[in-house]
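Asks: curious how this folds, go ahead:
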Amino acid sequence: MRKAVAQARLVTLTGPGGVGKTRVAVRAAHQSAVDFPDGVSIAELSGLRDAEFLPNTVATAVGLPEIASSEPMDQLIDHFADKQALLVLDTCEHLVDAMAVFVDILLSHSSRLVFLLTSRQPVALPGECVLPIPPMRSPEADADAENNDALALFVSRAKAALPSFELSTENRSEVIALCRRLDGIP
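Replies: Numbers count the residues shown, from 1 in each chain. Next comes the predicted model:
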């Protein structure tokens, strides 16, 4: 993932809802932060219903002040013009057309801004690097948390809710059945 962000200015993680695109993007952003001296910003867009407010939402996430005499898009263009920064835009699928325009404008006004998007579909801009995030592999009957990501995630989340939880011979078949029933979606 870090390699993709280093080589492309627009990287889109695609996959079905709930597969873990956000978790992968946030982890990649943290790992890549050292490569972006002007910062990493994350904007969560799932609650944004009107694409008209996309620039406002991103400007707020970046930490730009609200200036009555300046349009948020102009502020973003000015802000990122000379910055080597990473902008993570999470949950873009309901804004694909607006996102394509938004990203295209900012990319054309900055030579070092990089986008990492999460979406169920690509925005279809030239140069976009699309990385599909597939569901986790279903556990086999003899799987354990060390060799299966779905079981490892289940155990991790179960321990967070109930610290005494352990994957054991008594509960293994039920946990495996639950992971299989979820079709590899965390």
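Asks: hey, where'd the strands end up in this protein?
Replies: 10-14, 40-44, 86-90, 114-119, 129-132 (DSSP state E).
Asks: can you list those in CSV and add distance to Q31, mean neighbour count and mean pLDDT?
Replies: For glycine as for every other residue, the C-beta is placed from the backbone atoms N, C-alpha and C. Shown next, in CSV, are the strands of the chain (distance: least, CB to CB, whole Å; neighbours: other CB atoms under 10 Å; pLDDT from 0 to 100):
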stretch, distance to Q31, mean neighbour count, mean pLDDT
strand 10-14, 13, 24, 97
strand 40-44, 10, 18, 96
strand 86-90, 11, 23, 97
strand 114-119, 11, 25, 97
strand 129-132, 14, 16, 96
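Asks: as JSON lines, these with distance to H79 would be great.
Replies: Shown next, in JSON lines, are those (distance: least, CB to CB, whole Å):
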{"stretch": "strand 10-14", "distance to H79": "18"}
{"stretch": "strand 40-44", "distance to H79": "10"}
{"stretch": "strand 86-90", "distance to H79": "10"}
{"stretch": "strand 114-119", "distance to H79": "14"}
{"stretch": "strand 129-132", "distance to H79": "24"}
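Asks: closest to A33 out of the ones you listed?
Replies: strand 40-44 (5.0 Å; CB to CB).
Asks: the inter-axis angle of that closest one versus strand 114-119?
Replies: 20 degrees (axes from the mean of the first three to the mean of the last three CA atoms, to 10 degrees).
Asks: sheet partners, orientation included, of strand 40-44?
Replies: strand 86-90 (parallel) (DSSP bridges).
Asks: could you pull out the helices in the chain for me?
Replies: Using DSSP state H, the helices found in the chain span residues 2-7, 21-32, 54-62, 72-80, 96-108, 149-161, 172-181.
Asks: returning to what we had before: out of the strands of the chain, nearest to G184?
Replies: strand 129-132 (13.1 Å).
Asks: could you list every helix and strand that the closest one packs against?
Replies: Applying 3 or more CB pairs under 8 Å, 6 or more residues apart in numbering; DSSP states H and E, one finds that strand 129-132 contacts helix 2-7, strand 10-14.
Asks: output it as PDB, nothing but the C-alphas.
Replies: The C-alpha coordinates for strand 129-132 follow below in PDB (Å, rounded to 0.1, in the frame of the first residue of the first chain):
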ATOM      1  CA  CYS A 129      -4.400   3.200  -9.100                       C
ATOM      2  CA  VAL A 130      -7.200   0.900  -8.000                       C
ATOM      3  CA  LEU A 131      -6.500  -1.600  -5.300                       C
ATOM      4  CA  PRO A 132      -9.300  -4.100  -4.600                       C
END
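Asks: name the strands paired with that strand and say parallel or antiparallel.
Replies: strand 10-14 (parallel).
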